[in-house]
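# Kindly generate the corresponding structure for this input.
(one chain, ligands or ions: 2)
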Amino acid sequence: MPAYPAGSLRYCAFVSSLMKQNLLDFNLKGLADWFQDIGEKPFRAKQVLRWLHHFGAEDFDQMTDLAKSLRAKLQDLAEIRPPKLLSEQASDDGTRKFLLEVGPGNHIETVFIPDGDRGTLCVSTQVGCALECSFCSTGRQGFNRNLSVAEIIGQLWWANKALGRDPKGERLISNVVLMGMGEPLLNFDNTVSAISVMLDDHAYGLSRRRVTLSTSGIVPAMDRLRSVMPVALAVSLHAPNDALRDELVPINRKYPLGELMSACKRYLEHAPRDFITFEYVMLDGVNDQPEHAEALIRQVRGVSCKFNLIPFNPFPHSGYRRSPRERVQAFASRLMAEGIITTTRKTRGDDIDAACGQLAGKVMDKSRRTMRIVEVSA
Ligand code: SAH
Ligand code: SF4
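Ligands and ions are numbered 1, 2, ... in the order given. Below is the predicted model of the structure:
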């Protein structure tokens with residue numbers, strides 16, 4: 001150890017010289033800036049991003065088109081550090097779940113859902129969630145922290161490696177949904193940066209239509225997303241009126257339905273798809289009655305949308321039950337009769353607890369478990 005007293009400027013400089021830059025924390029722009037900072041040509045960023053994400057390189061020696069001297073420099077200054085992969089489970093229906101460690105005591109889960117020629121990866125953006133939706137297991141666990149860019153993109157990085165490619169050499173992951181643990185718009189900068197890596201042709205090259213961000217309705221952040229990174233949008237609605245939505249999705253008290261519908265209309269002006277997907281979890285006797293369907297039809301009038309009805313996925317002590325199948329069908333038929341395309345989500349990965357809202361991981365709750373959403377700013 002050096003002779004500098006802890007806290008002194010020289011000590012801090014010494015410590016930071018020991019900390020290597022994790023290159024998975026960068027998108028193309030960040031990487032180009034960093035190369036410039038270390039006295040290298042910014043165009044190296046494209047090469048290195050390709051190695052990191054296209055080829056899934058785990059160390060700099062694999063980057064054979066970089067000069068040996070540059071590889072040695074990267075070795076000194078940087079690292080490739082994804083979150084630690086702890087385990088992998090496969091469901092009978094082909095769903096695969098990855099458990100990743102993101103620091104002591106905190107785990108997140110990522111789920112791959114194959115469906116015909118489509119393969120969707122469901123990605124988490126936070127450790128836990130602060131928003132306390134009453135029917136959501138993640139929300140019940142509390143909130144610990146935002147995930148870094150490396151931890152968000154690291155989920156895709158790992159899943160791609162584990163899944164490999166199909167016989168035609170195509171990647172199995174064709175779509176990404178930001179629908180795992182957490183509220184992506186409350187981790188705005190890291191989420192947007194990770195999305196830009198997903199879309200980058202030097203990395204995963206996904207189209208904006210194939211990356212869907214799901215939000216509980218953080219209105220100002222929806223407007224920001226529309227201007228900086230318009231990707232496909234899903235909004236978790238779950239109730240046709242403010243009184244019920246206040247109860248199920250408490251952030252509604254801050255951004256009520258009228259404001260949310262206006263934000264959806266604004267988003268559609270720039271969206272890569274010409275509709276918003278409304279997610280609606282079907283809770284027996286709570287929000288699944290004919291009068292709820294009628295009120296919902298009035299509520300979304302004027303918003304180009306599709307509905308995705310989600311059978312509630314139970315978890316211990318939730319206090320809710322899944323709506324019977326006939327009631328879900330009747331609800332869907334009523335919306336369809338109004339010309340609203342409505343699908344019912346298949347429950348996948350039930351046997352490995354990988355369904356929506358069951359992703360719990362392990363969260364050390366650092367939040368005060370009182371109603372504090374009014375303090376959450378976008
Ligand atoms: N925070 C974001 C994204 C993560 S939640 C959001 O709320 O949209 C992803 C989806 O799973 C949301 O539509 C959410 O309402 C739904 N969900 C949460 N708990 C669920 C449960 N127990 N059963 C079914 N769907 C659930
Ligand atoms: Fe958070 Fe979404 Fe769960 Fe609500 S449904 S608690 S916003 S993860």
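
# now for the top strand by length along the chain, which elements pack on it?
Using DSSP state E to assign secondary structure, the strand with the most residues in the chain is strand 107-115. Using 3 or more Cβ pairs under 8 Å, 6 or more residues apart in numbering; DSSP states H and E as the contact criterion, the secondary-structure elements in contact with strand 107-115 are strand 96-101, strand 118-122, helix 149-163. All C-beta spots, glycine's among them, are computed from the backbone N, C-alpha and C.

# I'd like these laid out as a markdown table, including distance to ligand 2.
Shown next, in a markdown table, are these (distance: least, Cβ to the nearest ligand atom, whole Å):
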| stretch | distance to ligand 2 |
| --- | --- |
| strand 96-101 | 17 |
| strand 118-122 | 12 |
| helix 149-163 | 15 |
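
# how about a markdown table for those, with mean pLDDT added?
Output for the helices and strands packed on strand 107-115, formatted as a markdown table (pLDDT from 0 to 100):
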| stretch | mean pLDDT |
| --- | --- |
| strand 96-101 | 94 |
| strand 118-122 | 95 |
| helix 149-163 | 96 |
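
# so which of the ones you listed comes closest to ligand 1?
Distances from ligand 1 to each of these were compared by Cβ to the nearest ligand atom, and the smallest falls on strand 118-122, at 8.1 Å.

# Just want the angle from the longest strand of the chain to strand 118-122.
Regarding strand 107-115 and strand 118-122, their directions subtend 170 degrees when assessed with axes from the mean of the first three to the mean of the last three Cα atoms, to 10 degrees.

# Can you lay out the helices and strands packed on strand 107-115 as JSON lines showing mean neighbour count?
As requested, these are arranged in JSON lines below (neighbours: other Cβ atoms under 10 Å):
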{"stretch": "strand 96-101", "mean neighbour count": "20"}
{"stretch": "strand 118-122", "mean neighbour count": "21"}
{"stretch": "helix 149-163", "mean neighbour count": "23"}
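
# Of these, which is nearest Asn308?
Asn308 lies closest to strand 118-122 among these, at 12.8 Å (Cβ to Cβ).

# name the helices or strands packed onto that closest one?
If contacts are counted by 3+ Cβ pairs under 8 Å, 6+ apart, strand 118-122 sits against strand 107-115, helix 149-163, strand 175-178.

# I'd like the helices and strands packed on strand 107-115 as a markdown table, with distance to Ile276 appended.
As requested, these are arranged in a markdown table below (distance: least, Cβ to Cβ, whole Å):
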| stretch | distance to Ile276 |
| --- | --- |
| strand 96-101 | 28 |
| strand 118-122 | 18 |
| helix 149-163 | 23 |
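
# Ser227: which of those is closest?
The nearest among the helices and strands packed on strand 107-115, by Cβ to Cβ, is helix 149-163 at 19.9 Å.

# Outside of that closest one itself, which residues are in contact with it?
Applying Cβ atoms under 8 Å, 6 or more residues apart in numbering, the set of residues contacting helix 149-163 from outside is 22, 24-27, 52-53, 56, 81-83, 85, 88, 96, 98, 100, 102, 108, 110, 112, 119, 121, 123-125, 171-173, 176, 180, 190-191, 193-194, 197-198, 204.
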